[in-house]
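**Q** Got a predicted structure here, sequence first:
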Protein chains: 2
Amino acid sequence: MSLRHAILVTLSDTEGTGYEITQRFTSGLGHFWQASHQQIYQELKRMAREKLVSARAVAQETRPTKKIHRITATGRKELKRWLSVPSKRQPTRNAFLIKLFAAHLIDRDHIITELEAQLAHHRDLLAHYGELEALHFPEPEKLPFKYRCMYLSLTRGIASESAGIQWCEDSLAVFRK
Amino acid sequence: MSLRHAILVTLSDTEGTGYEITQRFTSGLGHFWQASHQQIYQELKRMAREKLVSARAVAQETRPTKKIHRITATGRKELKRWLSVPSKRQPTRNAFLIKLFAAHLIDRDHIITELEAQLAHHRDLLAHYGELEALHFPEPEKLPFKYRCMYLSLTRGIASESAGIQWCEDSLAVFRK
DNA sequence: GGTTGTTATGCAACTATTTGCATAAAGTAT
DNA sequence: ATACTTTATGCAAATAGTTGCATAACAACC
């Protein structure tokens, strides 16, 4: 049940509508926990029912009425509780590695194409993380503790993608040879 | 729908019961795609209905009757089809990184404990992969193509865990300072 | 003699996620 | 003019995965 906790994290600083939370997921937190707007709206409804967030409707002139969600004291307490208990690990699920495992059943071109796609994706993400780093964390050593933590989660992404790139390049070399 | 394809991969060489397939997942393929026995039994039932596998019951003297599943021609065709189309990537879901992102809300000891747990887990996995490597792939350059592919998927695991260890150690240094 | 582990299967209930659809109005680009 | 994107919400159905339980017999260990 981490989706609700991820939502609580996005709301712990700033209140927001389902739409805004969806955007925060797309740009920031979503790199660690992806969620669609349908999921987020549903979860917000449940969270409101359980008093983890409060919702107030705000009518707008030109745009549809929006519902602004704010974390409650209960929500904050629940977030802290969750942060303090060890989380069990997500099960790994990587379809590409299953394919590679059985790659001898198809021809090399397919594998190379997939490997290239993986490589391109790792490179895109790494470039994106690099931009975030340059933009938000130009001097990481000088950051206050809070941003230092956020920066660390970004470095995790950078490390993963770098390792992924290296592995893809090495593997491509094997198949091209 | 990769579970069924992972099952087809395990059956592409050797037939097996739900129980045996579960074990194969636990030891081998399960490093890329985890699945419980309940899931596997259900999926096998569906796959039998759709003629991707055939099942035959085998009575045993001392043990319960078992159902041996074998991949059919249709199943093999479906596996090849799946292997040849680019797979969309699994959404990332890493609860630990959400926690780290919001780590400033709790005290450092909790974060250090979690980081140590992550580190221990990465080390365990790396050690395990190292054993698999020594056992099954002592001389990777000399492997026939099929085993070369399997070996590559193992090296992916090794690369990921190594990167994870490095990052955990670096991050722990930040928090301990 | 009792507990634990292995072999072997499965149902039922629940939670989580995905996919497809629907509405509605304004802004922006071709 | 027309098409696409953005803002803003949501329902419904389907698929996927988790958790808890149940059965049954033998083998190994203490």
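**A** Looks like it arrived, so ask away.
**Q** So which elements touch the top helix by length along chain A?
**A** Of all segments of type helix in chain A, defined using DSSP state H, the longest is helix A:145-176. Packing contacts for helix A:145-176, counted by 3 or more C-beta pairs under 8 Å, 6 or more residues apart in numbering or on different chains; DSSP states H and E, involve helix A:108-136, helix B:95-101, helix B:145-176. No exception for glycine: its C-beta is placed from N, CA and C like everyone else's.
**Q** now for the shortest one, which elements pack on it?
**A** Put plainly, it is helix B:95-101. Contact here means 3+ C-beta pairs under 8 Å, 6+ apart; on that basis helix B:95-101 packs against helix A:2-13, helix A:145-176, helix B:108-136.
**Q** close to DNA strand C, is the shortest one?
**A** Yes: Helix A:2-13 lies within reach of DNA strand C by C-beta under 7 Å from any atom of the strand, at A:2, A:3.
**Q** next SSE after that helix?
**A** helix A:18-27 (DSSP states H and E).
**Q** picking up where we left off before, between the helices and strands packed on helix A:145-176, which one is nearest to DNA strand C?
**A** Closest approach to DNA strand C among the helices and strands packed on helix A:145-176 (C-beta to the nearest atom of the strand): helix B:95-101, 9.4 Å.
**Q** to the chain's geometric centre, what's the distance from the closest one?
**A** On the basis of C-alpha atoms, centre = their mean, to the nearest Å, helix B:95-101 sits 23 Å off its chain's mean C-alpha point.
**Q** again, but for stretch A:101-120
**A** Centroid separation for stretch A:101-120 versus its chain: 26 Å, with C-alpha atoms, centre = their mean.
**Q** which other residues reach that stretch?
**A** Contacts of stretch A:101-120 with the rest of the structure, by C-beta atoms under 8 Å, 6 or more residues apart in numbering or on different chains, involve A:96, A:99-100, A:164-165, A:168-169, A:171-172, A:175-176, B:9, B:12, B:29, B:32, B:79-80, B:83-84, B:86-87, B:145-146, B:149-150, B:152-153.
**Q** Ok, stretch A:66-82 next?
**A** Residues contacting stretch A:66-82 (C-beta under 8 Å, 6+ apart): A:5, A:8-9, A:11-12, A:15-19, A:21, A:44, A:47-48, A:50-58, A:60, B:99, B:102, B:105-106.
**Q** cool, and stretch A:121-129?
**A** If you take C-beta under 8 Å, 6+ apart as the criterion, stretch A:121-129 is touched by A:31, A:154, A:157, A:158, A:161, A:162, A:164, A:165, A:168, B:89.
**Q** Up against DNA strand D, what does chain A have?
**A** Contacts of chain A with DNA strand D, taken as C-beta under 7 Å from any atom of the strand, map to A:17-20, A:23, A:37-38, A:41-42, A:44-45, A:60, A:63-67, A:91, A:93.
**Q** Now with 10 Å, please.
**A** Within reach of DNA strand D by C-beta under 10 Å from any atom of the strand, chain A has these residues: A:1, A:16-23, A:26, A:36-42, A:44-45, A:48, A:55, A:57-58, A:60, A:62-69, A:88, A:90-93, A:95.
**Q** Just the ones in helices from those residues, please.
**A** Using DSSP H, A:18-23, A:26, A:37-42, A:44-45, A:48, A:95 are the members of the residues of chain A next to DNA strand D that sit in helices.
**Q** what's near enough to touch residue A:93?
**A** Residues counted as contacts of residue A:93 (C-beta under 8 Å, 6+ apart) are B:2, B:32, B:33, B:34, B:90.
**Q** burial count for the residue lying closest to residue A:122 once chain neighbours are set aside?
**A** Using C-beta to C-beta, 6 or more residues apart in numbering or on different chains and skipping residues adjacent in sequence, the residue nearest residue A:122 is residue A:164, 4.0 Å away. If you count neighbours by other C-beta atoms under 10 Å in any protein chain shown, residue A:164 ends up with 21.
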